[in-house]
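Colleague: model the structure of this input:
(2 chains)
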Number of protein chains: 2
Amino acid sequence: VLLDTDACWERLRSTRNGVLGTVHHARGADLVPVVYVVDGTTIVIPIDTVKPKSGARLQRLRNLEGDARASVLVDHYDDDWQALWWVRVHGPARETAPTTEQLERLATSFPAYRDQGSVASVVLLEVQEVTGWAAMT
Amino acid sequence: VLLDTDACWERLRSTRNGVLGTVHHARGADLVPVVYVVDGTTIVIPIDTVKPKSGARLQRLRNLEGDARASVLVDHYDDDWQALWWVRVHGPARETAPTTEQLERLATSFPAYRDQGSVASVVLLEVQEVTGWAAMT
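Modeller: Predicted coordinates for the structure are as follows:
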């Protein structure tokens, strides 16, 4: 069944990792796992200095410079398919400096972010569209 | 650390759910959770009649008709960030009728697919690029 908007936001707020999708001019959708916190109707995704980096780590930022359209999918997989659910948001996203409040929210959710300097910047996705689905509610 | 190609395929073969990314002409990257099996260098994604449907369920197929570029991300999240890893593939994808062998592979991996008619078609993603990363190996 489709989830209503309130139910979608409830699941977004009670989850903290998902997949960020951006558009790469040549190869299409680029997907990367992310952690996040919800701030109002904004998804706040840290660009951190903590997790070991892959060479392609900042491709998401290069993609957003060229095309701001972004999506985040949060989903729960289970061998019992009656327990499946997902929530997806769409909206423009941009990199910016984190506010003190955002840094505090991130540090509360993720202990690794309590160290000063662990969050270099944030990607803010302004949610314009939210869709969700659950096998059962 | 970046994973080599063999390590990426090993993780793809030992996992069975991920996120499919396609390109929507207006809103950019469209993400949807999927299950899959690996057949050679092809990711085989069932379009099933089993899981309860959301209204937007077949958007992925409409997207692929307009733009065949697809990506699948398989990732492992863990509160212990030393256990994080992901593998991502890119390539063209198209919907087609499943072969008998693909149906058998799907039925072996997913008991719900043992029922005749449970897989209506498959999306075949021909992997042209594979990238993977793990915090530790």
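Colleague: C-alpha only now, for contacts and for neighbours.
Modeller: OK.
Colleague: residues of chain A that sit close to chain B?
Modeller: For chain A, the residues in contact with chain B (C-alpha under 8 Å from any C-alpha of the partner chain) are A:1-2, A:17, A:19, A:21-23, A:27-33, A:51-55, A:69-73, A:75, A:77, A:81, A:86, A:88, A:90-91, A:133, A:135.
Colleague: tell me which element the closest residue to chain B within chain A is part of?
Modeller: Using C-alpha to the nearest C-alpha, A:Ala29 is the residue of chain A that sits closest to chain B, at 5.1 Å. Assigned by DSSP states H and E, A:Ala29 falls within strand A:28-35.
Colleague: what do you get for A:Gly117?
Modeller: Going by DSSP H and E, A:Gly117 is not in any helix or strand.
Colleague: just want the phi and psi numbers for it.
Modeller: phi 90, psi 0 (degrees, to the nearest 10).
Colleague: dump the residue contacts of it.
Modeller: A:Thr49 (C-alpha atoms under 8 Å, 6 or more residues apart in numbering or on different chains).
Colleague: the strand holding A:Ala29 vs strand B:28-35, what angle?
Modeller: Computed by axes from the mean of the first three to the mean of the last three C-alpha atoms, to 10 degrees, the angle separating strand A:28-35 from strand B:28-35 equals 70 degrees.
Colleague: which neighbours in the sheet does strand A:28-35 have, and how are they oriented?
Modeller: Using DSSP bridges, strand A:28-35 pairs in its sheet with strand A:17-24 (antiparallel).
Colleague: give me the contacts around the partner strand.
Modeller: Contacts with strand A:17-24, where a contact means C-alpha under 8 Å, 6+ apart, come from A:29-36, A:60, A:63-64, A:67-75, B:19, B:21, B:23, B:28-31, B:77.
Colleague: same thing but at 6 Å, please
Modeller: A:29-35, A:63, A:70-74, B:29 (C-alpha atoms under 6 Å, 6 or more residues apart in numbering or on different chains).
Colleague: I'd like to know which of the residues of chain A next to chain B are buried.
Modeller: Among the residues of chain A next to chain B, those buried by neighbour count (16 or more other C-alpha atoms under 10 Å in any protein chain shown) are A:2, A:17, A:19, A:21-23, A:27-33, A:52, A:69-73, A:75, A:77, A:81, A:86, A:88, A:90-91, A:133, A:135.
Colleague: need the per-residue pLDDT for the residue lying farthest from the centre of chain A.
Modeller: Distance from the centre of chain A peaks at A:Asp80, with 25.3 Å (C-alpha atoms, centre = their mean). With respect to pLDDT, A:Asp80 scores 93.
Colleague: again with A:Arg13
Modeller: pLDDT, read off for A:Arg13, is 97.
Colleague: so what's it closest to, chain neighbours aside?
Modeller: Once flanking residues are discounted, A:Arg13 sits nearest to A:Val38: 6.0 Å by C-alpha to C-alpha, 6 or more residues apart in numbering or on different chains.
Colleague: quick one: secondary structure of that neighbour?
Modeller: Three-state call for A:Val38 (DSSP: H, G, I helix; E, B strand; the rest coil): strand.
Colleague: show me what it is bridged to.
Modeller: A:Ile43.
Colleague: count the residues that sit near it.
Modeller: By other C-alpha atoms under 10 Å in any protein chain shown, the residues close to A:Val38 number 20.
Colleague: one step back: and the furthest pair within the contacts of strand A:17-24?
Modeller: A:Asn63 and A:Val74 (20.5 Å; C-alpha to C-alpha).
Colleague: who has more neighbours, those two?
Modeller: Just comparing A:Asn63 and A:Val74: by other C-alpha under 10 Å the higher neighbour count belongs to A:Val74, 25 against 19.
Colleague: quick check, A:Ala7 in a helix?
Modeller: Yes. Residue state for A:Ala7 (three-state DSSP) corresponds to a helix.
Colleague: pLDDT at it, what is it?
Modeller: Note on A:Ala7: pLDDT of 97.
Colleague: so A:Ala107 belongs to a helix, correct?
Modeller: Yes. Counting by three-state DSSP, A:Ala107 is found in a helix.
Colleague: number of residues surrounding it?
Modeller: Residues near A:Ala107, counting by other C-alpha under 10 Å: 17.
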